[in-house]
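S.K.: What shape does this take:
(chains A, B, C and D, ligands or ions: 6)
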Protein chains: 4
Amino acid sequence: MTTGVWLIGARGSVAVTSMVGATALRAGLAEPLGCVTELPELASPALPGLGDLVFGGHDISDITLEKKVENLVAAGVLPARPAAAVADKLDGLQRELRPVPSAETQLEVARLVAQDIDDFRRRRGLERVVVVNVSSTEPLFTAGPAHESLSALSTAMGTPGAVLPPSSLYAYAAFLAGCPFVDFTPSTGTRLRALREMAAEAGLPYAGHDGKTGETLVKSVLAPMFAMRHLRVRTWAGTNLLGGGDGANLADPAARAAKSGSKQRVLAETLGYQPQGSSHIEYVDDIGDFKTAWDLITFSGFLGTQMRMEFSWHGCDSALAAPLILDLARLTAAAHAAGRTGPLTDLAFFFKDPIGEVPHALADQWARLAAFVRGLAHD
Amino acid sequence: MTTGVWLIGARGSVAVTSMVGATALRAGLAEPLGCVTELPELASPALPGLGDLVFGGHDISDITLEKKVENLVAAGVLPARPAAAVADKLDGLQRELRPVPSAETQLEVARLVAQDIDDFRRRRGLERVVVVNVSSTEPLFTAGPAHESLSALSTAMGTPGAVLPPSSLYAYAAFLAGCPFVDFTPSTGTRLRALREMAAEAGLPYAGHDGKTGETLVKSVLAPMFAMRHLRVRTWAGTNLLGGGDGANLADPAARAAKSGSKQRVLAETLGYQPQGSSHIEYVDDIGDFKTAWDLITFSGFLGTQMRMEFSWHGCDSALAAPLILDLARLTAAAHAAGRTGPLTDLAFFFKDPIGEVPHALADQWARLAAFVRGLAHD
Amino acid sequence: MTTGVWLIGARGSVAVTSMVGATALRAGLAEPLGCVTELPELASPALPGLGDLVFGGHDISDITLEKKVENLVAAGVLPARPAAAVADKLDGLQRELRPVPSAETQLEVARLVAQDIDDFRRRRGLERVVVVNVSSTEPLFTAGPAHESLSALSTAMGTPGAVLPPSSLYAYAAFLAGCPFVDFTPSTGTRLRALREMAAEAGLPYAGHDGKTGETLVKSVLAPMFAMRHLRVRTWAGTNLLGGGDGANLADPAARAAKSGSKQRVLAETLGYQPQGSSHIEYVDDIGDFKTAWDLITFSGFLGTQMRMEFSWHGCDSALAAPLILDLARLTAAAHAAGRTGPLTDLAFFFKDPIGEVPHALADQWARLAAFVRGLAHD
Amino acid sequence: MTTGVWLIGARGSVAVTSMVGATALRAGLAEPLGCVTELPELASPALPGLGDLVFGGHDISDITLEKKVENLVAAGVLPARPAAAVADKLDGLQRELRPVPSAETQLEVARLVAQDIDDFRRRRGLERVVVVNVSSTEPLFTAGPAHESLSALSTAMGTPGAVLPPSSLYAYAAFLAGCPFVDFTPSTGTRLRALREMAAEAGLPYAGHDGKTGETLVKSVLAPMFAMRHLRVRTWAGTNLLGGGDGANLADPAARAAKSGSKQRVLAETLGYQPQGSSHIEYVDDIGDFKTAWDLITFSGFLGTQMRMEFSWHGCDSALAAPLILDLARLTAAAHAAGRTGPLTDLAFFFKDPIGEVPHALADQWARLAAFVRGLAHD
Ligand SMILES: NC(=O)c1ccc[n+]([C@@H]2O[C@H](COP(=O)([O-])OP(=O)(O)OC[C@H]3O[C@@H](n4cnc5c(N)ncnc54)[C@H](O)[C@@H]3O)[C@@H](O)[C@H]2O)c1
Ligand SMILES: NC(=O)c1ccc[n+]([C@@H]2O[C@H](COP(=O)([O-])OP(=O)(O)OC[C@H]3O[C@@H](n4cnc5c(N)ncnc54)[C@H](O)[C@@H]3O)[C@@H](O)[C@H]2O)c1
Ligand SMILES: NC(=O)c1ccc[n+]([C@@H]2O[C@H](COP(=O)([O-])OP(=O)(O)OC[C@H]3O[C@@H](n4cnc5c(N)ncnc54)[C@H](O)[C@@H]3O)[C@@H](O)[C@H]2O)c1
Ligand SMILES: NC(=O)c1ccc[n+]([C@@H]2O[C@H](COP(=O)([O-])OP(=O)(O)OC[C@H]3O[C@@H](n4cnc5c(N)ncnc54)[C@H](O)[C@@H]3O)[C@@H](O)[C@H]2O)c1
Ligand code: NA
Ligand code: NA
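M.R.: Ligands and ions are numbered 1, 2, ... in the order given. Just a heads-up that it's a prediction; the model follows:
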C-alpha cells in the first residue's frame, strides 16, 4: 500500500526530521522509538508500512535539505550517525519538493497546489496521498460569512484577495485533490464550516489540531491523576522556553495566542474547571529545538491541606513530533482506505486541541486509538 | 450500614488524621477532598456513608489524641480550624482505643486482639468491622515452613516466641474475629500462604499493600505516558526526603528496604523493563509529614535523541493517606457485605504494591475500581 | 536614640509585617531572623536599637490593622503565635497612621504630608524620623523639564495637576520635613534631578531602589559564580508567580514593566554582558505572598560544552522584606546621625536596582555594607 | 617558562579532557572558557602561558588516547570539532604516558615514579614539573604511627607491604623528584604528617583537595547568601546522580564516603552550624559524565516563616574540571617559581575540601586567589 505523505512546510524542522527519520528507519539504522504505531498494541496490517511512505511537499523557503539537515545535526535534533548515513538520499527527497505556487486568486492557487499533489501521486504511482500541515503557526484568524458554506467560499476565492489563511487554503487544495488532510499546527486548517462541508461532499477524512509533544502531553496524564484522586488543583502555571524556527515564529504575539489557547484546554476538560494560571511562551534563540517547559501546580487535599508539584520538561520538539507525523500519515491513510470520512476524532491522542467532543485524558485517548486501529483491521 | 473501622496504629499520624477528618466531614466542616469514593463516578449506595463509620483501634503508644492533634496542627497536617471544631469529640474517639495486649504465645495475643475488636462491634452495634493496618513499617520478613499452612502456623503460634511479624499477627486476629483486613503499609500482612488459607476458609476479603500517595502515584501516570508514546526510559532515579513518625521509622535501613522495593515495581510493570536508577529515602526531621520527592527521568526518542524530565512533589503524606483510609474502609465493607472473598485486586488503585496480577497504570486501575463499584451496586 | 519609621503604604503587607514583627521582637517572642543588622558582623552601637523604633505612616487604604493582621496570618505570612501575642499593641500602632491628605496643588499635599510627619516626631519625642516607601509599585514614569531643577519643580507643584508621581511626592515631603527617605519600591522616588538637588540642599541622605528579596537575591550570588569561573551564561530566563497586594498591582503591565527592568540589571552588571531571556511576572491570586520563582540558566564551559542549571524559589515576600525595612531604617537613621548626605550607595546590598555605580555581586555589596557600618562607629 | 604537567590518572576523563583541551586552545580552536586564569582579573605574567604546558603522566589503564577521546566525544564531553582537529596530536601526547611501575617495596616504587617524572623533565627540557593527581578516588584511609614522621615513613616504606595509599605514594614520589603536588581528588594525598614534613624539608608547595566543580560550587555561593541575610537554613539535602569512570568508582561505598564528607563541609563552615540532611551520591551509568545534582534547602526567616529553595544542576564534570587542572598547574608552577612552600591555602577557590583554616565562601576565596596572583607578580 504505497502511500504519499505531502508535507506543507516540507523544509521545516518537523518535516525534515520526519523524512530523514523514515529513511533511516527503513534502512534499519535506528529503532522506531517515538512511533506509536510501532507498538505491539497498535501494530496492524491495516496500516501502510513505514517502508511504504513516499514523501513530497511544499514550502515557501528554498533552503536545501542538505543545509537543513546540517543545521538539525548541529542543534542536536538529528544524531550525526543516521543523518550521515542517509546523506545520499537527500537529493531524491528534494526532487519531490515544490515551491508554493502563486496566482491571481486563491482558487487558482488551490488548483495549482492540488495539481502538484496529483502529479506526485501519479508520478510515484501511489495509492493515495495524505496531506500533512507542518508549516509555521499562523496568527489567530476570525471567520466571516464567506466561510459559512462551500459555495460562498468558492465564490469568494474566485476573486483576488486572501479569503482563507494558508492552512485552510492547503486543506481546500487537499480536498480538491481527493486527499485526506492532517493539521499538526494550531492554525485554522479545516476549522471552517465551508471546509467541513467540502470534506463531507468529497467523502474525505481529516484530523487535527496541534501536535501534542511536550508540556501538554504531561498535563494530559497529570491532570487526570489529580481528578481521579479528588485533589483540587488551584494553580497550574507554566512557562515554555523555546527557540528554533517554530519558536522564532511564536515570538510573534499573534501566533503565540493561537498556541497558548490550545495548551490550557486539557485542564478544563479533564478537571471540570479551570485552575488559575496561564501557559507562558518565550522565545529564546539559544534554546533551539530543545524546549524547556516548567510547570507549577498547587492543589488542595483532605481538609484543605495545601500541596504542590513542579515539573520541568526538556524535550526536543522536532524529535517528539516527527514520529507522530509518520503515525498520523499511516493512520489517516488506513482510515481513508477503510472509507472513513469526516473528523477522525479517534486520533485525539495526538493533539493538543483535538476536534470534537473527545476525552482529553491520555489514557482514554489511547483506548480510543487502540479501538480505532482494531476497527480498521476488521473493515 | 454502620461500619466499624479498627485501626492498627490508631494513635499514628495517618490514623488520627483519618478519624479527625471523618469527624470534621460529618460535621460539614470541609469538602471531602481526597476521598475518591466521594467522586460522582464512584459514589454508590452500596457503600456505607462517611457518616456511618465508627472508629476504634490498637496502638503500642499511649500518646493522647489531644496531644497528637496538637502536634499535627503544629506540623501543618491538620488545619487549625477543623481540628479545633472537633476537639470535643476526641475523648469519645479515645475511649475506643486499646493498648496492644500481651500474652505468653502469639495465639493468645491474637485471641485478645480479636476479643477487643469483637467487643467494639457488639458495644457499638456495628454490622461489620474492617481492620486497617496503619502502624509503623516493619523490617523485611522472611517466611519459613511455619507459614506454609494454617495448621502449621496455628501450631507454631501456640508455643512461646514470635512466629509472625506484627502486621501478620493483626491479620490473623482480624480473620479470627471475622473481619476483612486492609494493609496500608508495606509490611508482610496477609502475604503468607497460611493467612491466605485462613481468609479463604473464613470467607473474608482483604486488600493491600502500601498506600500510594506521592512519588509512586505520579509514576503510575508518567510511566504509562512514556510507554504509550514509545519513548524509552533510560534512567528513573528518585529521592524522598521525609520526617514525621513514618520517616523516623524509615531511618532504619531494614524498614526502608521494605518501602523502596514497592516504590520501583510500578516502572517495570508499566514499562515492561526496569530503567536504571533507584528510589532513595532519607529521613530529615525538619521536613516532617510534608514529604519532598524529586525524580529525574531520562529517555530516548526518535533516532535515539536524548531528553529528560524532572519533577518535585511536595505533599503532606498524612493528608494524602487519610481520605484513602476512609475509601478503603467503605469499599472493603461493601465488598464484605456483597460476599466477596480473597484478595480485592480491584483496589489496586490505592496501593504501591498491589496484590495479584493487576494493572499498574493508574488509569487502568481506575477503570477496574469503577467497574468494581458498579458491580457492588448490582449485587 | 529613639527613631521614627514613617511608612508610606503603612497598611500594606510589608509595612504591617515590619511593625508587628518589630513589636514581637521587642517582646522577645522570636529571634531576629532576617534582620542583617542583628548579625555579629554588622551589629554596632552607632545604630538605634530595634527597641528604639517607633512606627507611623500614611496609606490610602483604611483597612484596620486588626483585619490586615488576620489576613496575613491566614496567608501564612505572620505565624499565629507572635501575631496573637501583639494583638493588644495594634491599636497603639494604628493611632499613628494617617490618611493621605488631599489639596488643590501637590505643593500643598507635600506640606500636609510633611506636617503629619513632623507632628509624629514632636508627639513621640523622636530624635529623627526615616521615611520609607513601601506603597504599591507605580507605572513607569517619564521625567520632563519640570523635574530638572528644584525651582522648576516647586513652581510646577504650585499649580493644580500632578507633576510628580506619588513616590516622588513623598520624597519631596520627607525632605521638606528634614527626613531621610528610603525607597523600597521600583517607583521613581528620588530619581529626579530636582529631588537630588533638594536632598543636597537639605543635607539629607536617601537610599533605594526596590528591595532585593527573592529571585534577584539569588541572581546576585549565582551570576558572580559563573563569572568567577569563566563560564559563559547564554540564557537566563525566569518566571515569577505571585499573588497578594503587590502581585495584584503587578498584574498591571505598566507596573510590571517597572519591576521587570530592575530584575535583569544584576546580570549585565555582574557578567559584563546580557544573556538571552527575560524575567516574566505573572499574577496568581492563589499563590498569595508565597512567591514562586523559577529560573533556567544555560551556560557554556570548556571547549563550548553546554550545561544548565535550574532553581525554584518559594519565598514569603513580606517575611523577606519586613526585616530589611527595620535594617534600612536603622542604617539610614545612623547615617543621618553621622551627617551623611546624598545617595547611600553603600546600602546597595538591599536593593535590586541600587543607586550609583556600585557592585551588584552580593558579596561585594556585603563588604561595602560592613565597611559602612564600621565607618559609622568611628564617626 | 616551559612547565610540565604530570598527571596521575593520565588516561582518565579529566586528564584527557585537560590535555586535548589545552591542545585545542593552543591551536586557537576554542575560547578558554572555564579557565579562571584567563580572566582579566587573574591574568598575570607570573604564570606560565597555556602554550607553555607540556603533558605526561601515569595510569594503571592502557586504554589508548584515541579510544578514550572517541568515548568522550560519544558522551558529549568533548565536542566533535576540536577533538577531530587535534587527532594528529594524540600520538605525541601518548608517548609521554607511562605505566605505573611495580617493585618489591613502596620506596622502590616511589623512586621509579620519581625517575619517570625526572626523565620527562630532562627529555622535554622543562623548567619544572607540577604533579597533579586526577586518578580514581580511593577508599577512606586511616593513618597510623608510620605516618607520623618522615623517618618512620621511609623506614616502613623500605619493607614490603602497602604503608601508603596510592595518592600519598604519588605525593611522596613527587616530592622526591622535587616537584610540587596538587591533589584534585578527595583521597589522602599529602594529608599525613610525614608528607607535610617532607614537603617542608624539600621546600615544595602543594595544594588540594577535591576539585570543586558542581553542587559544592553552588553551595559555596548560596550558603553565604543565606548567612549574609540572616536566614536560618534548616535542611540542606542533596542527591548526585552520575556515571562515567568516577561514578563507577563511587558506586563503591568506601570511595563514596570519602567524597560525601568533603561535600557537606562548606555548609558548616559558611553557616556556622550544620543543617539537617546529607549529600547522597548514586551511580547511574546512563548519566555518564553529565552529572545531575538536585538540592533542597528549607530555611526560616522573619518570625520563623518557613521557606524553601530547590536547584538542579546538570553539568559535565570533566568539562568543568579540566580547565581547573590547567589553572592549578599554572598557579602552582608560578608559586614554586616564586619560592612558595607548604600548603597553598590561597588556592581554596578550587577545592571542595581545602587545606587549612580558609574561607569557604566562594567570593572570599576569589579575593584571596586574586591577591595571591597579584603577590606572585610582585615577587
Ligand atoms: N515540533 C513540535 O513539537 C510541534 C508540536 C505541535 C505543533 N507543531 C507545529 O508544527 C509546525 C512546524 O514546526 P517546525 O518546528 O517544523 O517549524 P519550522 O519553522 O522549522 O518549519 C516551518 C516551515 O513552514 C514553512 N512555511 C511557512 N509558511 C508556509 C506556507 N505558507 N506554505 C508552505 N510552507 C510554509 C517555513 O518556511 C518552514 O520551513 C508549527 O506550526 C508548530 O507550531 C510543532
Ligand atoms: N502517609 C502516607 O502517605 C503513607 C503511605 C503509604 C503507607 N503508609 C504507611 O502507613 C503507616 C503509618 O504511617 P504514619 O505516618 O501514620 O506513621 P506514624 O509513625 O505516625 O504512626 C504509626 C503508629 O503505629 C504505632 N505502632 C507501631 N507498632 C505498632 C504495633 N506493633 N501495634 C500497634 N501500633 C503500633 C505507633 O505507635 C504509631 O502510633 C506506615 O507504615 C507507613 O509506611 C503511609
Ligand atoms: N515584599 C517584597 O518582597 C518586596 C520586594 C521589593 C519591593 N517591594 C515593594 O514594596 C511595595 C509594597 O509591597 P506590599 O507587598 O506590601 O504591597 P501591598 O499591596 O500589600 O501594600 C501596598 C500598600 O500601599 C498603599 N498605597 C498605594 N498607593 C498609595 C499611596 N499613593 N499613598 C499611600 N499608600 C498607598 C496600598 O493601599 C497598600 O496598603 C511594593 O511596591 C513592592 O513592589 C516588595
Ligand atoms: N570531574 C570532576 O568534576 C571532578 C571533581 C572533583 C574531583 N574529581 C576527581 O578526579 C578524579 C578523576 O576523575 P575522572 O572523572 O577523570 O575519573 P576516571 O575514572 O575517568 O579516571 C581516573 C583514572 O585514574 C586511573 N587510575 C586509577 N588508579 C590509579 C593509580 N593507582 N595510578 C594511576 N592511575 C590510576 C584510572 O585508570 C583512570 O584512567 C577522581 O578522583 C574524581 O573524584 C573530579
Ligand atoms: Na527542576
Ligand atoms: Na524544581
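
S.K.: any idea which helix or strand carries the residue in the stretch 201-350 of chain A positioned nearest to ligand 1?
M.R.: As assessed by C-beta to the nearest ligand atom, ligand 1 sits closest to A:Gly245 within the stretch 201-350 of chain A, at 2.4 Å. Using the backbone N, CA and C atoms, a C-beta is placed for each residue, glycine as well. Mapping A:Gly245 onto the secondary structure by DSSP states H and E places it in helix A:244-250.

S.K.: do A:Gly92 as well
M.R.: Per DSSP H and E: A:Gly92 is located in helix A:90-94.

S.K.: Need the contact partners of that helix.
M.R.: The contact list for helix A:90-94, computed with C-beta atoms under 8 Å, 6 or more residues apart in numbering or on different chains, reads A:19-20, A:23, A:55, A:64-66, A:69.

S.K.: tell me what the helix holding A:Gly245 is packed against?
M.R.: helix A:13-26, helix A:253-271, strand A:279-283, helix A:317-337 (3 or more C-beta pairs under 8 Å, 6 or more residues apart in numbering or on different chains; DSSP states H and E).

S.K.: Please tell me I have it right and A:Leu331 contacts A:Gly375.
M.R.: No: the pair A:Leu331 / A:Gly375 is not scored as a contact, 11.5 Å apart, by C-beta atoms under 8 Å.

S.K.: which one of these two has more residues nearby?
M.R.: Set A:Leu331 next to A:Gly375 and count neighbours by other C-beta atoms under 10 Å in any protein chain shown: A:Leu331 wins out with 31 against 15.

S.K.: re earlier: would you mind listing which of the contacts of helix A:90-94 are buried?
M.R.: Buried subset of the contacts of helix A:90-94 (neighbour count, 16 or more other C-beta atoms under 10 Å in any protein chain shown): A:19-20, A:23, A:55, A:65, A:69.

S.K.: so A:Phe175 makes contact with A:Phe181?
M.R.: Yes: the criterion here is C-beta under 8 Å, and A:Phe175 meets it with A:Phe181 at 6.8 Å.

S.K.: A:Ala10: neighbouring residues, count only.
M.R.: 28.

S.K.: Tell me the secondary structure at it.
M.R.: coil (DSSP: H, G, I helix; E, B strand; the rest coil).

S.K.: now A:Gly4
M.R.: Under three-state DSSP, A:Gly4 comes out as strand.

S.K.: Identify the bridge partners of the residue in the stretch 101-250 of chain A that ligand 3 sits nearest to.
M.R.: Taking C-beta to the nearest ligand atom, ligand 3 has its nearest neighbour within the stretch 101-250 of chain A at A:Thr235, 18.6 Å off. A:Thr235 has these beta-bridge partners by DSSP bridges: A:Gln276, A:Thr298.

S.K.: So which residues on the stretch 251-379 of chain A come close to ligand 6?
M.R.: Contact residues, the stretch 251-379 of chain A versus ligand 6 (C-beta under 5 Å from the ion): A:Glu310.

S.K.: Spell out which parts of the stretch 251-379 of chain A neighbour chain C.
M.R.: Proximity of the stretch 251-379 of chain A to chain C (C-beta under 8 Å from any C-beta of the partner chain) is limited to residues A:276-278, A:280, A:282, A:284-287, A:292, A:294, A:296, A:298, A:310, A:312.

S.K.: quick revisit: near ligand 1, anything from the next helix or strand after the helix holding A:Gly92?
M.R.: Using DSSP H and E, the helix or strand that follows helix A:90-94 towards the C-terminus is strand A:97-99. No: using C-beta under 6 Å from any ligand atom, strand A:97-99 stays clear of ligand 1, coming no nearer than 9.0 Å.

S.K.: Show the secondary-structure elements that the following helix or strand past strand A:97-99 is packed against.
M.R.: Next helix or strand after strand A:97-99 toward the C-terminus (DSSP H and E): helix A:106-124. Under the contact definition 3+ C-beta pairs under 8 Å, 6+ apart, helix A:106-124 sits against strand A:3-8, strand A:53-59, strand A:128-133, helix A:150-157, helix A:166-176.

S.K.: Now do the residue lying closest to A:Ser167 once chain neighbours are set aside against A:Pro165, distance only.
M.R.: Nearest residue to A:Ser167 in three dimensions, chain neighbours excluded: A:Ser187, at 3.6 Å (C-beta to C-beta, 6 or more residues apart in numbering or on different chains). In this view, A:Ser187 and A:Pro165 are 6 Å apart by C-beta to C-beta, to the nearest Å.

S.K.: now A:Asp289
M.R.: Separation of A:Asp289 from A:Pro165 (C-beta to C-beta): 25 Å.

S.K.: Also A:Ala321?
M.R.: 21 Å.

S.K.: Comparing those two, which residue is more hemmed in?
M.R.: Neighbour totals were compared for A:Ala321 and A:Pro165, and A:Ala321 leads with 27 against 18 (other C-beta under 10 Å).

S.K.: Pull the contacting residues for the more buried one.
M.R.: Counting by C-beta under 8 Å, 6+ apart, A:Ala321 has contacts A:14, A:17-18, A:134, A:184, A:211, A:213.

S.K.: Buried residues, the least confident helix or strand in chain A by mean pLDDT. List them.
M.R.: Taking mean pLDDT, DSSP states H and E as the measure, chain A has helix A:244-250 as its least confident helix or strand, at a mean of 75. Buried residues in helix A:244-250, counted by 16+ other C-beta under 10 Å: A:244-247, A:249-250.

S.K.: same check, this time on stretch A:27-45
M.R.: Neighbour-count burial for stretch A:27-45 [16+ other C-beta under 10 Å]: A:29-30, A:32-38, A:42, A:44.

S.K.: How about stretch A:82-100?
M.R.: Under the neighbour-count criterion of 16+ other C-beta under 10 Å, stretch A:82-100 has A:82-83, A:85-86, A:89-90, A:93-94, A:96-98, A:100 buried.

S.K.: Farthest pair within the residues you listed?
M.R.: Spanning the widest gap among the buried residues of stretch A:82-100 are A:Ala85 and A:Val100, at 30.7 Å by C-beta to C-beta.

S.K.: Point out where chain A drops to low pLDDT.
M.R.: Chain A contains residues with pLDDT under 70 at A:258-262, A:379.

S.K.: tell me the domain boundaries of it?
M.R.: A:3-210+A:319-378, A:215-316 (automatic domain parsing).

S.K.: and these as a markdown table, adding distance to D:Leu107?
M.R.: Putting the domains of chain A into a markdown table (distance: least, C-beta to C-beta, whole Å) gives the following:
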| stretch | distance to D:Leu107 |
| --- | --- |
| domain A:3-210+A:319-378 | 51 |
| domain A:215-316 | 53 |
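
S.K.: nearest to ligand 5, of those domains?
M.R.: Ligand 5 lies closest to domain A:215-316 among these, at 4.4 Å (C-beta to the ion).

S.K.: can you tell which of the domains of chain A is closest to ligand 4?
M.R.: domain A:215-316 (21.5 Å).

S.K.: Over to the closest one now: how far is its first residue from its last?
M.R.: Terminal residues of domain A:215-316 lie 12 Å apart, using C-alpha to C-alpha, to the nearest Å.
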